[in-house]
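Student: here is the input, now give the coordinates:
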Amino acid sequence: MCEQVNTIAQGEDILNYIPQRMPFVMVDTLCVANENETITQFTIPDSNPLVFDGIFSESGLLENIAQSAACGVGYICKQKNIEVPVGFIGAIKKINIFEIPKVGDCIETKITTIANIMDASIISALIECNGKVIASCEMNIFLKKTVN
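Tutor: As a prediction, this is how the structure comes out:
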């Protein structure tokens with residue numbers, strides 16, 4: 001279970017900021033969202049499609065990072081009253097996975113924006129579980145802009 005923290009959005013409200021829908025949602029609480037940083041939490045349910053034998057897969061960790069980044073961008077866009085863009089992972093670099101969480105664990109993901117270049121963002125991600133860093137990476141994310 002996740003520790004109580006500041007909460008911007010939780011549960012189904014998260015769906016306002018990301019394009020994914022259940023059961024493929026890997027974020028359940030948005031704690032911090034600004035131009036430089038996003039922090040999310042996710043308590044891993046047994047029903048998650050990226051859980052195998054009670055363990056949240058490496059793919060799940062990477063999807064959690066991407067959705068955490070998307071959640072921050074989506075929140076900022078909603079605050080500015082502009083359409084939430086869809087993002088695509090362009091590259092993943094410097095991946096370190098030290099430990100894999102299990103069902104019932106709460107992971108906290110911190111996204112730091114390194115750079116925004118045209119329709120691309122370069123982010124750094126750090127995932128903690130039980131006060132311990134379990135994964136990190138850099139990710140390039142491309143945003144699909146809507147043409148009116």
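Student: count the residues that sit near residue 77.
Tutor: 15 (other Cβ atoms under 10 Å). All C-beta atoms are positioned from the backbone trio N, CA, C, and that covers glycine.
Student: so it belongs to a helix, correct?
Tutor: Yes: applying DSSP: H, G, I helix; E, B strand; the rest coil, one finds residue 77 inside a helix.
Student: next one, pLDDT for it please.
Tutor: According to the prediction, residue 77 has pLDDT 92.
Student: swap in residue 145?
Tutor: So, for residue 145, pLDDT stands at 67.
Student: same thing with residue 114?
Tutor: Reported pLDDT for residue 114: 96.
Student: contacts only, for it.
Tutor: Contacts for residue 114 (Cβ atoms under 8 Å, 6 or more residues apart in numbering) come out as 122, 123, 124, 138.
Student: next, the last one: secondary structure please.
Tutor: Spelled out, it's residue 138. strand.
Student: could you find the closest non-adjacent residue to it?
Tutor: Closest residue in space to residue 138, ignoring its immediate chain neighbours: residue 93 at 4.5 Å, by Cβ to Cβ, 6 or more residues apart in numbering.
Student: for the helix or strand where the one you found lies, which helices and strands make contact with it?
Tutor: If you go by DSSP states H and E, residue 93 is part of strand 86-97. Strand 86-97 sits against helix 58-79, strand 132-144, with contacts defined as 3 or more Cβ pairs under 8 Å, 6 or more residues apart in numbering; DSSP states H and E.
Student: quick check: buried residues in the first one?
Tutor: Applying a neighbour-count criterion of 16 or more other Cβ atoms under 10 Å, one finds 60-76 buried in helix 58-79.
Student: same check, this time on the shortest one
Tutor: The neighbour-count check on strand 132-144 (16+ other Cβ under 10 Å) flags 134, 135, 136, 137, 138, 139, 140, 141, 142, 143 as buried.
Student: okay, who's weakest in the residues you listed by pLDDT?
Tutor: Among the buried residues of strand 132-144, residue 143 has the weakest pLDDT, 85.
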